[in-house]
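1. After the sequence you'll find the predicted model.
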Amino acid sequence: MYARLIFRNVRRSSKDYLIYLVTLTICVMLFYAFLSISSRYYRPDLGTEYDVTVLSDGMKIAVCAVALLLLFLIRYVNGYMLKRRQKEFAVESVIGMEAGTVARMFLAETLVMGALSIVLGILLGAVCSQFVTAMLLHDYGQDFELTWTLFPDTALMTAGFFVIIFLLVGGANVRTIKKIRIIDMINAERRNEPPLKKNRFMPVVTLIWLFVLVWMSVSGIRLRYYYFDSRFDVPVHIMFWANILVPAAGALCGAALFASGKRGKQSCVAFECAAAILAAFSNAAVLMMRGPYMLSYDAGIMNKYMLFLLADMLYLICGIVYLSNSGLVSWKEKSPENRYRGTSLFLLGQITSKLAANTKTMILICITLGMAVVLFLISPVLTGWSLGYLDVRSLYDIQISSRYNDVMSEEDLYQGDYEPVTEVLREKGIETAEECTFSLYLPEREEFHSRIKWEFPVAAMSLSDYNGIREMLGYEPVSLGEDEFTTQWQSIASEEEKAEFLTEHQQVGTDAGVLSLAENSCYEEPIGETVYNSYTNVVYIFPDSVCEDLMGVMRNRYIMTERPVPFADAQEIARAFAEVYPEDPGESGSGEGMRDTGMQYTIRLNTLQVNSLLANNFMLKAVMTYGGIVLMVICLTVLSLQQLLDASQYRYRFSVLRSLGVEEREIRRLVFRQLGVWFGLPVALALVISCVVVAGFIQTFSAEISAYIGAETLLMQLGITVLILAMLLVCYFISTWILFRRAVGEAQ
Amino acid sequence: MKEILTLEHIQKFYGNEGNITEALRDISFSVCEGEFLGIMGASGSGKTTLLNCISTIDTVSAGHIYLGGKDVTEIREKELARFRRENLGFVFQDFNLLDTLTVSENIALALAVSKTPAHEVEPAVRAMAAKLDISGILDKYPYQISGGQKQRCACARAMINHPKLILADEPTGALDSHSAQMLLSTLESMNREMKATILMVTHDAFSASYAGRILFLRDGEIFAEIVKGKNTRKAFFEKILDVLTMMGGGGSDVRQTDF
């Protein structure tokens, strides 16, 4: 009997919760598809130089972490179902069913629906995993062939993961049902929520925000105390002061308004929103001015200000949603001519009756949706950046370099030819096609001790070494007259930077005399980033005769091999190198005079770099795409369910409207407007906020973006992403609209 | 007096060829302006079907219904909403108030949907509330007031547009005897003082005794018709009981109430 009741309820619920079921199925499908890469049975044909095991462990953790977000969705929908069904539970209790039985029946119902979506999701996931594999093979530069496989371990893990989530939420539901009194169940649907102004949410959020402002102000004072220098430019002065004064003013005035009993009132929230906007600009300035003005605070400070920026945004979202909602209420109260125009009164009633709960949901949705959009938009930037960077960084099969940053004595500088590497290569049977070992010099010996960040000297290399490298990379050799020099630039350097440098350095003084700038003064082909000295984007090319008299401070060796180095051999070469040459200046290597000299050595093997980069890149892309879709789908589902699950109430309300003689056309318009408000506000706000974040991000990293990705490619990728997001949104909106209209129309 | 509602040979059938239920069989009557007409009958006698046909919620199988001279059976689907809005007011057994709006907003909604200028809305609502004695609860939500108050609010909403006809479907059905009595007095005063034409469907003899004329339905036909005339309500009540007894099983529809 109970089983029949459960199945009948499931059948009835599945109509109401269709969107929820579809979303769950999509989530299970994506979970399975992305997790399939970590399966023991997953063996894509990538060749000997690639290894996917690095990928699998990371993927497993990342996919599960993102999927935990689903807990929120499932909890939310279950909470809603519980509320809607309370009257039914009351009837069941009244006829003598025990609370435990009622609760367990509800649990069984949700489990049956969950099981349905798990099975469907895994089956669809097997199809979808083909896309993931195609994406993986494309990233590794391989051809894709369609193969149908169902990985038992992944399927088991997917099922296990979701069953645990359902049981967790179900357990919580059972507890809730057991606690509710029958009389409360009976009356559950009757009451409206308390009005928004009496809700404590916003006062609490504002109070927390005031504390954040105090913290921000104190941090501003510390920042100025430790890092300020009166020689900085005016904008930097403003930035330091703004980070103290803006939060302090916000906190003080906010506290005064709060104490004067206006807490949570519109004026206080509006003032704090303005403070949040100003604070956001001040905080962003800390992040954006560090590079151009060479400010010396570390990553910790950067992270802290990024956190502040996030706090600014979060408060701003809460504030704007609250203000627009409470503004709506006051507008309704103050403007009878709008209130009594046609069916506006009905629409306003529909909206205001749910304002308190919906404000919270809308804020949450806005934040989550914003995160999803940012994830979507930034993912092509990050992956494009690292792929483009790979082209610049990994030009040689083996790239050995050194740094003198911690070397105190000139005798400690390394001048060898990295012979142990030659031996290892011979042992492994790896043949060298081309190679070049060369020194990087300081134009003037006295610059050796310039170690402050912005005083690091530009290094120089000899013309013959430079041409040797160019030949290895297939570029034309260059020539120089006697007493002439030219420059080679990193791709990240901007045009202004180059022009400014070249104007200032028409002549360069060296230990071997003064050199003047050649006619061809600037070369930009990528030749690897280890030829540049730390914190510089340029290297001088001097005639060989000049370099003979200069002090060599760094020693590099670039090798091209006949065939790609296999993954296992590459790992062994890297290990063997690290044993002899210390990577960390504090360590002592076992090689020729490698004792604690302060020299840093680095080996970069193309195979390893490409491997780890492709793996990380793929993981980044996969997790960001997966996370973005899951967040987006969760938001849209909640938005849509919020409306659909109340359809029973709405059906009654719209039938009253009909009996009052309101035309069907007007009712359709009302439905559209109501959905428009609940969908439109959070989506629009999330879009604005995420556009600001993405624009800030692109602005901050504009040099890297134009160097490694290219503005056009990026714009196209962003365009495609935005299009996909818009399509998702439109799909959800239209299906909600249709389902809603059907639900409301059933009254006829 | 001027006839406001006229029904001519109304028939309503349900079902298909093999199994036809005749809900209404050839009903004709008319209602004059300012009249308070009661329609009584047992469950299944066709009184709600009749009300639905008059209110244009349902269609007739044959016959004509004229409201204010216009044949409602000929009105096109698209124009029905407007017709209802302009000519009819409803009072339902389950109040049909919107829980998202306050009492005053519920009343105002009827004015707003009929496109009354905004500045006229609030004075009209207040005036109507004063007449029906609900001024004190205008800012309350439906879940905060009693059933009787809800029904008076529904009456105010029905009256506010000054419709040609007010249709009340078992208006006391969900009320206790005291609230029912108060509501009936309200309806009576609406009829007497505001000259509202009311058509009330009920199966309760006491409620029906407030009407000026009563039609008794049985098996989809008019079984009897009685007029209050100069009678007191008590005498009229006795007459109603007599008719019910004649129809059979009328005793169960008697409510013990003091007159």
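-> Received it, and whenever you're ready, just let me know what you need. Numbers count the residues shown, from 1 in each chain, chains lettered A, B, ... in the order given.

2. Give me the below-cutoff pLDDT ranges for the chain.
-> By default, I'm working from chain A. Confidence mapping of chain A against pLDDT under 70 gives the ranges A:1-2, A:15-16, A:45-49, A:51-54, A:96, A:186-198, A:261-264, A:585-596, A:746-748.

3. My question was about chain B, not that one.
-> By pLDDT under 70, the low-scoring segments of chain B are B:17, B:249-259.

4. Taking it, what residue is nearest to chain A?
-> Relative to chain A, the nearest point of chain B is residue B:85 (2.7 Å; C-beta to the nearest C-beta). All C-beta spots, glycine's among them, are computed from the backbone N, C-alpha and C.

5. Quick check: which element contains that residue?
-> Per DSSP states H and E: residue B:85 is located in helix B:77-87.

6. For the stretch 51-200 of chain B, which residues are neighbours of chain A?
-> B:57, B:78, B:81-86, B:88, B:90, B:92, B:96-101, B:105, B:108-116, B:118-119, B:121-122, B:141, B:143, B:157 (C-beta under 8 Å from any C-beta of the partner chain).

7. re earlier: please verify my assumption that the residue of chain B closest to chain A contacts residue A:658.
-> No - the pair residue B:85 and residue A:658 fails to qualify as a contact (C-beta atoms under 8 Å) at a distance of 10.4 Å.

8. Report how many residues lie close to residue A:482.
-> For residue A:482, the tally of surrounding residues (other C-beta atoms under 10 Å in any protein chain shown) stands at 8.

9. same thing with residue B:130?
-> Residue B:130 has 11 nearby residues by other C-beta under 10 Å.

10. circling back: quick one: the helix holding residue B:85 to chain centroid distance?
-> How far helix B:77-87 lies from its chain's middle: 18 Å, per C-alpha atoms, centre = their mean, to the nearest Å.

11. how about it as PDB, C-alpha atoms only?
-> C-alpha atoms of helix B:77-87 as PDB (Å, rounded to 0.1, in the frame of the first residue of the first chain):
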ATOM      1  CA  GLU B  77     -15.300  34.400 -26.200                       C
ATOM      2  CA  LYS B  78     -12.900  37.400 -26.400                       C
ATOM      3  CA  GLU B  79     -15.500  39.900 -25.100                       C
ATOM      4  CA  LEU B  80     -16.700  37.700 -22.200                       C
ATOM      5  CA  ALA B  81     -14.100  39.000 -19.700                       C
ATOM      6  CA  ARG B  82     -15.100  42.600 -20.400                       C
ATOM      7  CA  PHE B  83     -18.700  41.800 -20.200                       C
ATOM      8  CA  ARG B  84     -18.200  40.100 -16.800                       C
ATOM      9  CA  ARG B  85     -16.100  43.000 -15.600                       C
ATOM     10  CA  GLU B  86     -18.700  45.600 -16.400                       C
ATOM     11  CA  ASN B  87     -21.900  43.900 -15.600                       C
END
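
12. List the buried residues for that helix?
-> B:80, B:81, B:83, B:84, B:85, B:87 (16 or more other C-beta atoms under 10 Å in any protein chain shown).

13. Also stretch A:425-436?
-> So stretch A:425-436, judged by 16+ other C-beta under 10 Å, has buried residues A:425, A:428, A:430, A:434, A:435, A:436.

14. What of stretch B:169-176?
-> Neighbour-count burial for stretch B:169-176 [16+ other C-beta under 10 Å]: B:169, B:170, B:171, B:172, B:173, B:174, B:175.

15. Take those residues and write them to TSV, including distance to residue A:269.
-> Shown next, in TSV, are the buried residues of stretch B:169-176 (distance: C-beta to C-beta, whole Å):
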residue	distance to residue A:269
B:169	48
B:170	49
B:171	46
B:172	49
B:173	48
B:174	43
B:175	45
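
16. Take those and lay them out in a markdown table including secondary structure.
-> As requested, the buried residues of stretch B:169-176 are exported to a markdown table (DSSP: H, G, I helix; E, B strand; the rest coil):
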| residue | secondary structure |
| --- | --- |
| B:169 | strand |
| B:170 | coil |
| B:171 | coil |
| B:172 | coil |
| B:173 | coil |
| B:174 | coil |
| B:175 | coil |
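
17. related to what we said a few turns ago, output the next helix or strand after the helix holding residue B:85 as CSV, nothing but the C-alphas.
-> Sequence-wise, the next helix or strand downstream of helix B:77-87 (DSSP H and E) is strand B:88-91. Taking Å, rounded to 0.1, in the frame of the first residue of the first chain, the C-alpha atoms of strand B:88-91 are listed here in CSV:
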residue,chain,number,x,y,z
LEU,B,88,-21.4,41.2,-12.9
GLY,B,89,-20.2,41.1,-9.4
PHE,B,90,-19.4,37.8,-7.6
VAL,B,91,-19.6,36.5,-4.1
